[in-house]
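Novice: everything below, folded, please.
(3 chains)
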Amino acid sequence: MADIVLDKVSKSFPDGTVAVQDVDLEIADGEFVILVGPSGCGKSTTLNMIAGLEDISSGELRIAGQRVNDKAPRDRDIAMVFQSYALYPNMTVRENMAFPLRLAKLDKETIDRKVDEAAKVLELTSLLDRKPANLSGGQRQRVAMGRAIVRQPKAFLMDEPLSNLDAKLRVQMRTVVSRLQKQLGTTTVYVTHDQTEAMTLGDRVVIMRGGAVQQVGPPQELYDHPKNLFVAGFIGSPSMNFLHAAVQDGELHTALGKVPIGDRVRRELESADAPRELILGIRPEHFEDAELVDDDTRRRGMEFEAPVDIVESMGSDKYVYFTVEGEKASAAELEELAADAGAADFAGAGGNLVTRLSAESPVAEGQTRRVWFNLEKIHLFDPANGRNLTLHEGRAAGALAD
Amino acid sequence: MAVETTTRAKLRWGLLDVLVVVFALVPVLWIASLSFKTPATLTDGNFIPREWTLDNYRTIFDTDQFVRALVNSIGIALIATLIAVVLGAMAAYAISRLDFPGKKLLVGVSLLIAMFPQVSLVSPLFEIERQLKIFDTWLGLILPYITFALPLAIYTLSAFFKQIPWDLEKAAKMDGATQGQAFRRVIAPLAAPGLFTTAILVFIFCWNDFLFAISLTSTERSRTVPAALSFFTGASQFEDPTGAICAAAVVITVPIILFVLFFQRRIVSGLTSGAVKG
Amino acid sequence: MSINATPTGADVAADETSESTGRHATVPTQRGGRRKPPLSENKKAERRLGLLLCAPAALVMIAVTAYPIIYSVWLSLQRFDLRFPDQREFIGLENYVTVLTNEFWWTAFGVTMLITVVTVAVELVLGMGLAIIMHRTLVGRGLVRTSALIPYGIVTVVAAFSWRYAWTPGTGYLADLFSDGAPLTERASSLAIIMLAEIWKTTPFMALLLMAGLALVPEDLLKAASTDGATAWQKFTKVMLPVMKPAILVALLFRTLDAFRVFDNIFVLTAGGNETSSVSMLAYNNLIRGLNLGIGSTMSVLIFITVAIIAFVFVKLFGTAAPGSDDGERR
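Specialist: As a prediction, this is how the structure comes out:
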């Protein structure tokens, strides 16, 4: 068991590209930290540097207080679970799990005992004599985990360990991983591109983009108080809605109407170099059918009318898609997020709005509906640098904050 | 589809199968049949010998000419195979795993050699080998065999190596293995089947060669069986060598048949993997 | 597109579909999906290792081919007959004139071309049939593949002897099949038998290469064609052949160049008698039997040039992709 410290760790290549830039991160003993971000954000490179599979260009990596930059993977005493599982096809499950122990030259009895223990924890006992080729994806994944836990390393590194599983199994394995980590209390660094995994698994989440850390914090904090546009758009599913907002006469002109602003934001906007155009962000659950809002709540937000495009009933609530007119929000971050989301176009920046309304709402496709939204939950971003202007001392306070 | 049609389809395929098998085996069976015939029945044109005899085999194993050639064939083919597979494996590993200048050139050159008209090399090699005093030696044959087997070995092996999940090497390192242990205990066992298949293909190639064997040898010292066959005269000058030739032919066909019988799958995958890039 | 990806959060299964809104595409900035390009020192070490590993193979191949080829060109410019070593002298292109004005050369060239064209054409058709049988047969696939490999593996000389004895009056079961026996003593029938022997020996190899191409034809494509109402022949010509084209061209290239080298069969079957010599046979006779290194080398160079032209035509005109030419990609 050990803590892991990354001190200004960077990775650059001869052609000048920088894969990882000045990453500072202190991972406490026993902590479960998630590295998340789109492909090419440097999360896997970071993990490989911790593993010792890739050299560190500059900065220092300390495991249990000891500098390990120049140590071979085998001398770092950490175990890794690979996306491809990387099970040795010529060995049985037992031999796979025993492999690190045999390399460590433990005696046969100890090896057997440890393998049996680990197999029991992961419910692999009946599969010990099979070869990996005869296992299902979930079983292989468990063997890979087993191989990592048998030798009780200082830390676990996991490189997208669940991405090759089908949807249902992935959810199951997520709880297995989570329970196992809590049980063993071993420091764990987990890389994923899936924000759902990041939100559900980690004690803390590190969001990376273009080789740099964007924000570090517990999942809920990242969700509620995103530091910038990228974090706001990356975390949450469906993602935050983003609207173009023009600053005019102390108000924000948006497709949802004129949005009032509080003193604090006003002060931000009064400085000379302040942006005249903003991006307004609001999460789907901060909308509600105006009919269902009581007066007390109504006062904290404002209302607008828009035609209903699609209604998806989830049982517990309804996802309602509205078409809104007006200029689209545009920023480099939004394009990147949209590109990352692939063909399913990124919700936020489009001409439509995703809302999550109560199940009782009688909303129907084709009608025009009056919708309320919570002004206290609004985020305002500077399109030039993505900074969240509503953030004060790390807390987001909405548009109206004084 | 109705069961009836499937049966009919099966029958039709079965018929085609039989045709292929007959087409492939008749010449082999014919020469085997000749090898078991007595001199008296040799010319009866019958497919199945009327009188079976092993005399022809006794004859060839009694003559130094054949035994010596067999030893040459086995020795030369084995050595050439070993060297070609080792060198080929090194190059194939580099081609499939490493990034280095001249990779394409190497691939191109080996392709050229694979298509090279061997006869074009006969005259210069004949002359060069005479000057180097390796004409009519094992080395004199092993060298060109390695050269022409290398492209085959490189292609087949790089196709095999590309299928090895190299993540395993990293996994082994994380599990505490040194570079050497990772190779010995994880990668080598996975590469072995590919090496074995390649060795079979290369061996068949060397075993088969005729042109170099008759051009670069002049005595029994290093003449291989295919070349010796064409000089075969039988036990005495006046005896008809047909029976002996056939017996010798059968003897050198046996290893091929064994390879094909036991390693059909491997040979097919080896030959096809190099030809098509997935 | 106005519909977002499935909203998620509530139920477990939907949770996972966040993959579709997911964050897995490549970021257009930075270096795409390539996650682990090596460090510069690593890179250098990698290059060194790569060159080091390839060096032995490359050296052997070059030493045994490149130098002799150059030497062969040098020899071809000399009068050099080992029986009369004193007369060795540089004579420029005289050997080429001698060879190119010699009717034996042109006969042999014609024979070689004929054998090449006919055998490769027949092999393509038979090989395709055999490939389909090996690939699709419902019964005894292993048996068919095993038997087909025998001609491929067997020593050519052995096979040639089998054919020779089969067609020789007296010993042969085939000799009496046509006219008045002794087919190996007449030119046309000799050539036919040589071609038969070649075809028997190399069709399986052709078939294997084609089978590799066949395996690339997606099963769904054939099913789609069937539902679209294509006949078996239409499926073959419109669906399978286009997909297999690269594999076919590679197989043709290999076999054409291989057929052009025909030697073993002729040597055993006719020893080049009745004007059945191929160019390889002729070069061999001049070199080893005649010990005329000058003329022999000239023929070697001419054969080399011809093969180069054939390869060039295949690659440039038909766009044959040389196998392995796409080896640049890394894993």
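Novice: export stretch C:236-250 to PDB, keeping only CA atoms.
Specialist: Extracted C-alpha coordinates of stretch C:236-250, given in PDB (Å, rounded to 0.1, in the frame of the first residue of the first chain):
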ATOM      1  CA  PHE C 236     -19.300 -15.400 -58.600                       C
ATOM      2  CA  THR C 237     -18.600 -12.700 -61.200                       C
ATOM      3  CA  LYS C 238     -20.200  -9.700 -59.600                       C
ATOM      4  CA  VAL C 239     -19.500 -10.300 -55.900                       C
ATOM      5  CA  MET C 240     -16.600 -12.700 -55.400                       C
ATOM      6  CA  LEU C 241     -14.300 -11.900 -58.200                       C
ATOM      7  CA  PRO C 242     -14.100  -8.100 -57.500                       C
ATOM      8  CA  VAL C 243     -13.400  -8.700 -53.800                       C
ATOM      9  CA  MET C 244     -10.800 -11.400 -54.700                       C
ATOM     10  CA  LYS C 245      -9.100  -9.300 -57.400                       C
ATOM     11  CA  PRO C 246      -6.100  -8.400 -55.400                       C
ATOM     12  CA  ALA C 247      -5.600 -11.900 -54.300                       C
ATOM     13  CA  ILE C 248      -6.000 -13.200 -57.900                       C
ATOM     14  CA  LEU C 249      -3.500 -10.700 -59.200                       C
ATOM     15  CA  VAL C 250      -0.900 -11.600 -56.600                       C
END
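Novice: for it, buried residues please.
Specialist: Buried positions in stretch C:236-250, judged by neighbour count with 16 or more other CB atoms under 10 Å in any protein chain shown: C:236, C:239-240, C:243-244, C:246-250. All C-beta atoms are positioned from the backbone trio N, CA, C, and that covers glycine.
Novice: could you list which of those residues also contact chain B?
Specialist: C:246-247, C:250 (CB under 8 Å from any CB of the partner chain).
Novice: can I get these in TSV with secondary structure and pLDDT?
Specialist: As requested, those are exported to TSV (DSSP: H, G, I helix; E, B strand; the rest coil; pLDDT from 0 to 100):
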residue	secondary structure	pLDDT
C:246	helix	83
C:247	helix	84
C:250	helix	83
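Novice: which one of those is nearest chain A?
Specialist: residue C:247 (28.6 Å; CB to the nearest CB).
Novice: which stretches of the stretch 101-250 of chain C have low pLDDT?
Specialist: Applying pLDDT under 70 to the stretch 101-250 of chain C picks out residues C:170-172, C:175-182.
Novice: one more pass at 50, please.
Specialist: Within the stretch 101-250 of chain C, not a single segment meets pLDDT under 50.
Novice: so which residues of it form helices?
Specialist: C:103-136, C:141-153, C:156-167, C:187-214, C:219-227, C:232-234, C:241-260 (DSSP state H, counting those that start in this stretch).
Novice: and the first one, what does it pack onto?
Specialist: Just to be clear, that refers to helix C:103-136. helix B:3-35, helix C:141-153, helix C:187-214, helix C:241-260, helix C:279-284 (3 or more CB pairs under 8 Å, 6 or more residues apart in numbering or on different chains; DSSP states H and E).
Novice: got the angle for it vs helix B:3-35?
Specialist: 140 degrees (axes from the mean of the first three to the mean of the last three CA atoms, to 10 degrees).
Novice: which of the residues in helix C:103-136 are buried?
Specialist: Neighbour counts over helix C:103-136 (16+ other CB under 10 Å) mark C:105, C:108-109, C:111-112, C:115-116, C:118-120, C:122-124, C:126-135 as buried.
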